[in-house]
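Participant: next comes the sequence, and after it the predicted model I'd like to discuss.
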2 protein chains.
Amino acid sequence: MNASARGRRAAVTLKDLAAELGIHVSTVSRVLHSDTAVARGAASKATAERVRDLAKLRGYSPDPQATSLRTRRTRAIGVIVPRLSDIVLATMYEGVEEAAAGSNHSTFVMNSHDDLEEQRRKAEIMLARRVDGLILGDVHAGSSLVDDLTKRHVPFVLMNRRYPGFPSSTCDDTGGGRLVADHLWETGHRSVAIIAGEPYASTGVDRTAGFVDRWHELGGEVPSHRVLPSRFDTEGGRRAGEELLQQVGPAPTAVFAVNDFAAIGAMGAFRAAGLVVGQDIAVVGFNDTSLAAQLPIPLTSVRSPMLEIGRAAVGMLRRVMAGEEVDSVRHTPELFVRESSASVAFARTEADVAQVQG
Amino acid sequence: MNASARGRRAAVTLKDLAAELGIHVSTVSRVLHSDTAVARGAASKATAERVRDLAKLRGYSPDPQATSLRTRRTRAIGVIVPRLSDIVLATMYEGVEEAAAGSNHSTFVMNSHDDLEEQRRKAEIMLARRVDGLILGDVHAGSSLVDDLTKRHVPFVLMNRRYPGFPSSTCDDTGGGRLVADHLWETGHRSVAIIAGEPYASTGVDRTAGFVDRWHELGGEVPSHRVLPSRFDTEGGRRAGEELLQQVGPAPTAVFAVNDFAAIGAMGAFRAAGLVVGQDIAVVGFNDTSLAAQLPIPLTSVRSPMLEIGRAAVGMLRRVMAGEEVDSVRHTPELFVRESSASVAFARTEADVAQVQG
DNA sequence: GCTCCTTACCCAATCGTTTGGGTCGGTCGT
DNA sequence: ACGACCGACCCAAACGATTGGGTAAGGAGC
């Protein structure tokens, strides 16, 4: 019936250490906790040594609940993502976890499934848990959640997706889109389409806008029916790909999907229609997930530094929690050209297209 | 400088409610906390009503740190996985999160990167956080961690991978392997290879063993050099695929990769070597991740109920935490045949093989 | 009218830490 | 030789909730 028999509650406390050393618990606390600033003055060098030795010997580890209760901070941060089974967010989260662990913070993650209701609910759960701050990886354009959190003085930063006026750690998605436009233009394409992702996600919107802007600068045009919204998964990419092929008029010679998974889905649709990706049609993805390079037809993709985006989000959040103003960071992407769009001269001529059409 | 100015610390406490109602804090606590068992007897119906109304009005939410301190339980469970960027584990975690939320528990996840040192370190961090229990998704064969945790009376269950003698929520991997053997045998294959995954993971080991056993029952044989260990990612699959093709003697007509990602990597290797998957060589994966069906060449795969595995792990852990003995659960897998192995008659004859060889 | 229940509460200790303030015996400066 | 100061501690009040014990008033039963 004692503590250790009833469970694993062997946990040694400050009081235990104090009793064993014959000194007061507050002295032990100061020695163990304070970073030599307060520690000096709390106990003699000899006593401090004894305290530290015993703490190590007994395996003392402070009770975080008690500490939190007293200090009003939990050293926990909440992370909300659309879904962790999206490898992009999962990778960013790895960066978050790593950086948080580095500054002695724990992280709670929750999935919002990109549902506005659920975002709020999950945020409330985290706040009820008294997290010290939030990292939102799923912000929707026009969502009022960010304003509400600001009003409530909840420290938070955005990750993955940005929202004007709030600090975020994202990829330079616009720049990434421009890289793709340059690449496709240089390889001779003039008729392109974009699988643009969800309209509420800045990632897809910015990548699309970057592409379109650059394409215009280069002298090209992207008809609006060639910009298809889509889900971010393979299924969404496949549907968009199918839709593209069903449009009247010649099919595009190149397709930019704002996400690797959508690109993979589109590749499936093209192949099912008898097109050979990399020969009949070029496909470019985004994020350069570990899959891209390993696919049967390796996928050209824009690498976004996902781990770094996650790490940076933590750094920013720490500063926000400390009351500082922080600026958004846009991490630089890099294009990796692979077989799905590598060959320069394959772009079909108008004549070819007419033939295929006929 | 007051609490609410210094941050968002507006948090209303039991004491606040009690003061406003002119009753004692303990009465408020009993009304709000107890599930009508203790609540009855704590206050009159009228008072209870007033308490509940005011609590709702003021938006009272109990301080979990204070509660934990008093009750010695955190309602938090720790989850350790090899890596969350593995879609399989991420999906299981979604199941965990959902089930945990359902029973009002929070979850901490950490990545161990399949490193023994890191597993221990992460487990210690979670225990230092005083989680009520652990779900281990990364147990290694022969690891002593499970024994150590048992000795320390830490409630835990295993997920994804099993370990004899400890409760686990896994797929029936052996059965899954048998399904694949039946399928390949029926479609005429006699010369097969296995990309077997890491030897420390029961998933790969069991899937391989199930396949091999069934194959023997059917009268086939699997030479040991045809069972290649591999990492679980695409890179690992590609390497194993390349190695297979370099072996002396005729290449196998079918390959079973114990994981979809490894299968995708292998498909890449085969294609690079000029083989057409689904025609020259059959490939089967495992887990039926969302990618499998959407790949350019849709991948035959064994679906494991990942969400369910995660949910069940939580249920089991709750029972372990309650002091019950629980049995392991092996969830039933299901085979989905697709183009990568669909056609029955393509298996190359020995003559063909000889020709290719020559 | 007395005891004995209920009913409807209140009291106070406790969980493990932190932290603003003592206190007490010496040492230093003059 | 005397006050100021310093080093090395101790005290006790929090933080917010839970919970084993009261206790006072009112009614039932004899």
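Facilitator: Right, received. Where do you want to start?
Participant: and the pLDDT for residue A:273?
Facilitator: Predicted confidence (pLDDT) at residue A:273: the value is 93.
Participant: do the same with residue A:57
Facilitator: At residue A:57, pLDDT is 95.
Participant: helix/strand/coil for the residue lying closest to residue A:51 once chain neighbours are set aside?
Facilitator: Distance criterion CB to CB, 6 or more residues apart in numbering or on different chains; nearest residue to residue A:51, sequence neighbours excluded, is residue A:31 at 4.4 Å. Using the backbone N, CA and C atoms, a C-beta is placed for each residue, glycine as well. Of the three states, residue A:31 takes helix according to DSSP: H, G, I helix; E, B strand; the rest coil.
Participant: which neighbouring elements make contact with the helix or strand hosting residue A:147?
Facilitator: Here residue A:147 sits within helix A:145-151, counting by DSSP states H and E. Secondary-structure packing of helix A:145-151 (3 or more CB pairs under 8 Å, 6 or more residues apart in numbering or on different chains; DSSP states H and E): helix A:116-128, strand A:133-136, strand A:156-159.
Participant: quick one: distance of that helix to the chain centre.
Facilitator: 20 Å (CA atoms, centre = their mean, to the nearest Å).
Participant: residue A:15 reaches residue A:25, doesn't it?
Facilitator: Yes. Under the criterion of CB atoms under 8 Å, residue A:15 makes contact with residue A:25 at 5.3 Å.
Participant: neighbour-wise, which of these two wins?
Facilitator: Counted by other CB atoms under 10 Å in any protein chain shown, residue A:15 and residue A:25 do not tie: residue A:25 has more neighbours, with 15 against 11.
Participant: most tightly surrounded among the helices and strands packed on helix A:145-151?
Facilitator: strand A:156-159 (a mean of 27; mean count of other CB atoms under 10 Å in any protein chain shown).
Participant: can you list the weak-confidence ranges in chain A?
Facilitator: The model of chain A has pLDDT under 70 over residues A:1-10, A:36-40, A:344-358.
Participant: show me the helices in it, by range?
Facilitator: A:3-6, A:14-21, A:25-33, A:45-58, A:64-71, A:87-102, A:116-128, A:145-151, A:173-186, A:202-218, A:234-246, A:260-272, A:306-321, A:350-357 (DSSP state H).
Participant: go through the ones you listed and pick out the most buried.
Facilitator: Note that of the helices of chain A, helix A:260-272 is the most buried (mean count of other CB under 10 Å), with a mean of 26.
Participant: other SSEs contacting that helix?
Facilitator: strand A:192-197, helix A:234-246, strand A:254-257, strand A:282-287.
Participant: which parts of the shortest one are buried?
Facilitator: Translated: strand A:254-257. A:254-257 (16 or more other CB atoms under 10 Å in any protein chain shown).
Participant: closest one of those to DNA strand D?
Facilitator: DNA strand D lies nearest to residue A:257 out of these, by CB to the nearest atom of the strand, at 49.0 Å.
Participant: pull stretch A:61-80 out as CSV, backbone CA atoms only.
Facilitator: What follows is stretch A:61-80, C-alpha atoms only, in CSV (Å, rounded to 0.1, in the frame of the first residue of the first chain):
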residue,chain,number,x,y,z
SER,A,61,14.3,14.8,-11.3
PRO,A,62,12.1,17.7,-10.5
ASP,A,63,8.3,17.2,-10.7
PRO,A,64,7.3,19.2,-13.7
GLN,A,65,3.7,19.6,-12.5
ALA,A,66,4.8,21.1,-9.2
THR,A,67,7.2,23.4,-11.0
SER,A,68,4.6,24.5,-13.4
LEU,A,69,2.1,25.1,-10.7
ARG,A,70,4.5,27.4,-9.0
THR,A,71,6.1,29.1,-12.0
ARG,A,72,3.0,29.4,-14.2
ARG,A,73,4.8,27.9,-17.1
THR,A,74,4.8,24.4,-18.4
ARG,A,75,7.8,24.3,-20.8
ALA,A,76,5.4,22.6,-23.2
ILE,A,77,4.4,23.9,-26.6
GLY,A,78,1.5,22.8,-28.7
VAL,A,79,1.7,22.0,-32.4
ILE,A,80,-1.3,21.8,-34.6
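Participant: and that stretch, how far from the chain's centre?
Facilitator: The answer for stretch A:61-80 is 24 Å, by CA atoms, centre = their mean.
Participant: from chain B, how far off is residue A:178?
Facilitator: Look at residue A:178 and chain B: by CB to the nearest CB, to the nearest Å, they are 27 Å apart.
Participant: same thing with residue A:77?
Facilitator: 11 Å.
Participant: who's in contact with the nearest residue to that residue once chain neighbours are set aside?
Facilitator: Once flanking residues are discounted, residue A:77 sits nearest to residue A:133: 5.0 Å by CB to CB, 6+ apart. Residue A:133 makes contacts with A:77-78, A:154-157, A:317-318, A:320-321, as judged by CB atoms under 8 Å, 6 or more residues apart in numbering or on different chains.
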